[in-house]
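Engineer: The amino acid sequence is not available; the structure is as follows:
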């Protein structure tokens with residue numbers, strides 16, 4: 001992935017951040033999900049920088065080797081949102097267009113809800129507003145079935161063993177054919193480092209049904225694909241209820257959960273369309 005790799009301190013944490021595009025470009029913050037890294041934006045970034053934007057793609061908390069706290073509570077969404085806002089400050093980005101995929105979308109929703117003054121626009125990818133997801137999980141049998149994998153992730157020790165066994169066969173299988181093998185190799189290498197997979201799984205282990213993320217008051221686009229095995233239509237279509245700003249729902253046909261890698265052109269267009277009107 002081209003661009004510059006910065007190491008940026010936030011308190012006693014050091015984040016690896018991939019930066020690309022013109023220095024005076026409008027800043028776009030790209031937040032990756034599980035089990036990926038900032039490299040998941042490799043096909044999207046050039047399409048944004050060609051439009052004159054400046055992209056910042058951090059390896060998030062637990063994924064950057066220098067930002068890997070051991071306590072589960074550090075990965076609660078309230079802290080993830082605050083750390084992200086603090087990282088923006090450290091990068092000298094007062095406000096940004098925020099884009100998040102998967103768990104990165106959860107963080108993006110939280111930043112928009114709780115730190116709206118830092119967010120010019122939001123593009124959430126694959127994962128809807130947490131309240132929409134929670135409501136679907138509680139009421140929709142199909143969403144419960146789609147979310148069953150999380151129960152394994154909650155099991156400390158067992159989940160790590162299962163996912164990394166046999167050259168991380170199960171971890172690799174999550175991507176299907178949607179993500180290039182060399183990219184999957186990179187993700188597996190990162191998560192095979194001591195403590196790395198536990199840190200990534202701690203995002204799940206710190207989940208709480210008591211957390212109430214505020215609705216997004218900023219211009220918001222939600223991008224969902226009908227081939228997503230983790231998030232069903234009930235949760236996707238409920239997302240609109242938790243946005244008070246201008247809202248757009250972009251549905252991609254025949255695409256899996258791995259939108260940034262499988263449909264980078266369509267995703268970039270959705271991001272650029274949102275930015276152009278925000």
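Structural biologist: Great, that's in hand. Worth saying up front: this structure is predicted, and the values here are computed from it rather than measured. Residues are numbered from 1 along each chain as shown.
Engineer: low-confidence ranges in the stretch 1-150 of the chain?
Structural biologist: 1-2 (pLDDT under 70).
Engineer: same thing but 50
Structural biologist: Where the stretch 1-150 of the chain drops to pLDDT under 50, the residues are 1.
Engineer: Do a quick rundown of the helices in it.
Structural biologist: 45-49, 77-90, 103-114, 130-139, 141-146, 150-153 (DSSP state H, counting those that start in this stretch).
Engineer: Need the winner for burial among those helices.
Structural biologist: Mean neighbour count (mean count of other Cβ atoms under 10 Å) peaks for helix 103-114 among those, with a mean of 26. All C-beta spots, glycine's among them, are computed from the backbone N, C-alpha and C.
Engineer: Now the residue lying closest to residue 150 once chain neighbours are set aside: which helix or strand?
Structural biologist: Nearest residue to residue 150, sequence neighbours excluded (Cβ to Cβ, 6 or more residues apart in numbering): residue 204, at 5.9 Å. Element membership of residue 204 [criterion: DSSP states H and E] is helix 196-205.
Engineer: what is the rounded mean pLDDT of the helix or strand following that helix?
Structural biologist: Later in the chain than helix 196-205, the nearest helix or strand by DSSP H and E is strand 220-225. Averaged across strand 220-225, pLDDT comes to 98.
Engineer: How about residues contacting strand 220-225?
Structural biologist: 112, 121-126, 128-129, 231, 236, 239-240, 243, 245-257, 259, 263, 267, 270-271, 273-274 (Cβ atoms under 8 Å, 6 or more residues apart in numbering).
Engineer: Kindly recompute the last result at 6 Å.
Structural biologist: Strand 220-225 is contacted by residues 122-125, 128, 236, 239, 243, 245, 247-252, 255, 259, 270, 274 when judged by Cβ atoms under 6 Å, 6 or more residues apart in numbering.
Engineer: hang on, residue 227 in a helix?
Structural biologist: No. Applying DSSP: H, G, I helix; E, B strand; the rest coil, one finds residue 227 to be coil, outside a helix.
Engineer: Now it: closest residue in space, sequence neighbours ignored.
Structural biologist: According to Cβ to Cβ, 6+ apart, the nearest residue to residue 227 is residue 256 (4.6 Å).
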